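J.: got a structure for you, letters missing:
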């Protein structure tokens, strides 16, 4: 992802960014997040960022998100931490929707909210707390990979799922941990905990704990915690 090489320090990222609040969705560094954009306010946001720095913040609301997962009220409370991502691909659909791909860059902490005439929300953010996000694969060597793969295999077997194990085993630790955190069927609070995990090893430990709690459910069968 050579286009991410331009972001080497927090100062390389904009301090004010448009955000897409979406319940149950997180972005993480160097991991992709596909989104189906159909609301007019977010179609307008995509148009605007394509003419600018292509940066969108993904952040979860603290409420239920309404019918679309994204609250309509501009005053709806948001989590304190989200992730800035680059709009790396988009495809226009005949019905007016946009299929976009965001590639995570760096997590941020909200410092304020800008007021303006745009139909979407814009936040003032700081990346300083998460500057290590800009270093690819930092902490990968501390990930308990064997334990993570073992519990993942037990979890998937319990659900009668057959993933592409060759692809999983060939993936780098950062891709494996962050990809599972984004794609896993976790509840919004668990997603937020994964996002805010200080290090990659901490995030891997959280994934292991979530899977083991699910496997320890009644009669050893998958329960509802991760559904």
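T.: Great, that's in hand. This is a predicted model, so every value here is computed, not measured.
J.: mind checking what helix or strand follows the host helix or strand of residue 104 in sequence?
T.: According to DSSP states H and E, residue 104 maps onto strand 98-114. Once the chain leaves strand 98-114, the next helix or strand it forms, by DSSP H and E, is strand 121-126.
J.: partner strands of that following strand, with direction?
T.: strand 16-21 (antiparallel), strand 98-114 (antiparallel) (DSSP bridges).
J.: switch those over to TSV; also include mean neighbour count, distance to residue 6 and mean pLDDT.
T.: (C-beta placed from N, C-alpha, C; glycine too.) Written out in TSV, the entries for the strands paired with strand 121-126 read as follows (neighbours: other Cβ atoms under 10 Å; distance: least, Cβ to Cβ, whole Å; pLDDT from 0 to 100):
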stretch	mean neighbour count	distance to residue 6	mean pLDDT
strand 16-21	22	16	98
strand 98-114	19	10	98
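J.: let's have those in a markdown table, adding distance to residue 128.
T.: Converted to a markdown table, the strands paired with strand 121-126 look like this (distance: least, Cβ to Cβ, whole Å):
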| stretch | distance to residue 128 |
| --- | --- |
| strand 16-21 | 15 |
| strand 98-114 | 8 |
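J.: so which of the ones you listed is nearest residue 120?
T.: strand 16-21 (5.4 Å; Cβ to Cβ).
J.: ok, then the element right after the closest one?
T.: strand 32-37.
J.: report all helices and strands that the helix or strand that that next one is followed by contacts.
T.: Per DSSP H and E, strand 32-37 leads on to helix 40-50 as the next helix or strand towards the C-terminus. Using 3 or more Cβ pairs under 8 Å, 6 or more residues apart in numbering; DSSP states H and E, the elements in contact with helix 40-50 are strand 16-21, strand 55-59, strand 81-92, strand 98-114.
J.: quick one: mean pLDDT for helix 40-50?
T.: Across helix 40-50, the average pLDDT comes to 97.
J.: between it and strand 55-59, how big is the angle?
T.: 140 degrees (axes from the mean of the first three to the mean of the last three Cα atoms, to 10 degrees).
J.: what does helix 40-50 contact?
T.: For helix 40-50, the external contacting residues (Cβ atoms under 8 Å, 6 or more residues apart in numbering) are 18, 20, 37, 55-56, 70, 87, 90, 96, 98, 100, 118-120.
J.: repeat the analysis, applying 7 Å as the threshold.
T.: 18, 20, 37, 55, 56, 87, 90, 98, 100, 119, 120 (Cβ atoms under 7 Å, 6 or more residues apart in numbering).
J.: centre of the chain to it, how far?
T.: On the basis of Cα atoms, centre = their mean, to the nearest Å, helix 40-50 sits 19 Å off its chain's mean C-alpha point.
J.: residues of it that come out buried?
T.: 41, 42, 43, 45, 46, 49 (16 or more other Cβ atoms under 10 Å).
J.: ditto for stretch 73-80
T.: So for stretch 73-80, counting by 16+ other Cβ under 10 Å, buried means 76, 78, 79.
J.: what's the burial count for residue 117?
T.: 4 (other Cβ atoms under 10 Å).
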